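Student: quick one: sequence plus predicted model below, questions after.
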Amino acid sequence: MPKPRLSLQTTTLWEYPSQHYGNEEQGSSSYRGATPSYVIWNLLERYTKPKDLVIDPMCGSGTTLDVARDLGRRGLGYDLQPQREDVFRADARHLPLEDGKADFVFVDPPYGDNLKYSGQENCIGELPATDPAYFEAMDMVFQEIDRVLRPDRYLAIYVCDIWKRNAFVPLGVHLSAMLMSRFLPVDHVTVVRGNKDLDKGNYHKAAEESNFFLRGYNHLLIFKKPSEEQAREARREEERAQQPQRSQKPAKEKNRNAGSRPRRKKPNRSGSTTRRPRH
Ligand SMILES: C[S@@+](CC[C@H](N)C(=O)[O-])C[C@H]1O[C@@H](n2cnc3c(N)ncnc32)[C@H](O)[C@@H]1O
């Protein structure tokens, strides 16, 4: 079946019937866990411009580099087990890159230990998603992304929830909450999975008999690093919140008010009472 023309996805439900676009491969179809290239193509079309520097700290078979080249962006890829010469060997928690150099970061991390990658001790794919160590490692990856990304620029994380041995781990929700503490949420996209396992009848039979669901979609979590001004304002607000109240009322007066209704915290313009920079 001929592939449809590649075009920008315009809703938060993304689907394309192939791992690769065009007549060539982006990354490698033989690398287990390779990212569908149209996902990265859509992100780079929307959030980057020609010559921007795109970073993938867990680049595997190099899908991000191929898409970046096709769109005239500069790409830099790292991985613990590089599959080709233009992917550099590095741990995603310690990238050999100066602060604030990247214009965009894409990462498709291991989803716990669902697939075997290098088997190395520092491979995050050795940590089950039920182990807090997995989340500590991913938080270090996010911290490193924060360091290398320029302010006011975007990042995207592609991840799937895990259902294994009777345990459900909503990785999309967990990682999203972790990202919210560092970055500004931009959008959350559902990407329909074209996983070949979903064509297997016995997988569906097992899902019915054991009363679980096969994973039908991946999460695409899109965030933005606050601008320098937004970061400054957030720091100022944090300092203000930590300062002791200067106009403390005397104890007597406090007691007089004891029976009155507690005052509601004044919401900010977006209706939230939390202190985060505005998007
Ligand atoms: C889902 S795959 C990425 C696939 C890639 N986007 C592609 O299209 O080929 C996850 C990758 O994370 C890498 N990885 C695991 N732990 C890592 C770490 N600490 N630092 C860098 N890469 C790591 C694995 O070797 C694997 O290649």
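Tutor: Thanks, I have it.
Student: so where's the stretch 151-279 of the chain uncertain?
Tutor: Low-confidence segments of the stretch 151-279 of the chain, defined by pLDDT under 70: 245-279.
Student: so which residue of it comes closest to the ligand?
Tutor: Tyr158 (7.7 Å; C-beta to the nearest ligand atom). Every residue, glycine included, has its C-beta placed from N, CA and C.
Student: kindly report the same for the stretch 51-200 of the chain.
Tutor: Counting by C-beta to the nearest ligand atom, the stretch 51-200 of the chain gets nearest the ligand through Gly60, at 2.8 Å.
Student: quick check: that residue touching Ala34?
Tutor: Yes - in this structure, Gly60 is within contact of Ala34 by C-beta atoms under 8 Å, at 6.2 Å.
Student: neighbour count winner among these two?
Tutor: Gly60 (25 against 20; other C-beta atoms under 10 Å).
Student: correct me if wrong, but that one is in a strand.
Tutor: No - counting by DSSP: H, G, I helix; E, B strand; the rest coil, Gly60 is not part of a strand but coil.
Student: now do it against Phe168, distance only.
Tutor: Distance, Gly60 to Phe168, by C-beta to C-beta, to the nearest Å: 26 Å.
Student: ditto for Leu198
Tutor: Taking C-beta to C-beta, one finds Leu198 at 18 Å from Phe168.
Student: what sits up against stretch 66-78?
Tutor: 25-27, 37, 40-41, 44-45, 48, 50-59, 62, 64-65, 86-90, 92, 95-97, 102, 104 (C-beta atoms under 8 Å, 6 or more residues apart in numbering).
Student: go on, stretch 40-52?
Tutor: 6, 8-9, 14, 21, 26, 54, 63-64, 67-68, 70-74, 103-104, 106, 153-154, 156, 220, 222.
Student: can you tell if that stretch touches the ligand?
Tutor: No - Stretch 40-52 stays clear of the ligand (C-beta under 6 Å from any ligand atom), getting no nearer than 8.0 Å.
Student: next, the buried residues of that stretch.
Tutor: 40-45, 47-48, 52 (16 or more other C-beta atoms under 10 Å).
Student: now swap in stretch 129-137 and tell me
Tutor: For stretch 129-137, the buried set under the neighbour-count rule, 16+ other C-beta under 10 Å, comprises 129, 134-135, 137.
Student: swap in stretch 178-188?
Tutor: Neighbour-count burial for stretch 178-188 [16+ other C-beta under 10 Å]: 178-179, 183-184, 186.
Student: who's in contact with it?
Tutor: Contacts for stretch 178-188 (C-beta under 8 Å, 6+ apart): 12, 135, 138-139, 142-143, 146, 154-155, 157, 172, 176, 219-226, 230, 276-277, 279.
Student: start and end of that stretch, how far apart?
Tutor: 14 Å (C-alpha to C-alpha, to the nearest Å).
Student: starting at the chain centroid, how far to that stretch?
Tutor: 8 Å (C-alpha atoms, centre = their mean, to the nearest Å).
Student: what helices and strands are in contact with the helix or strand harbouring Arg150?
Tutor: Element membership of Arg150 [criterion: DSSP states H and E] is strand 149-159. When contacts are defined as 3 or more C-beta pairs under 8 Å, 6 or more residues apart in numbering; DSSP states H and E, strand 149-159 packs onto helix 37-47, strand 102-107, helix 171-180, strand 217-224, helix 228-242.
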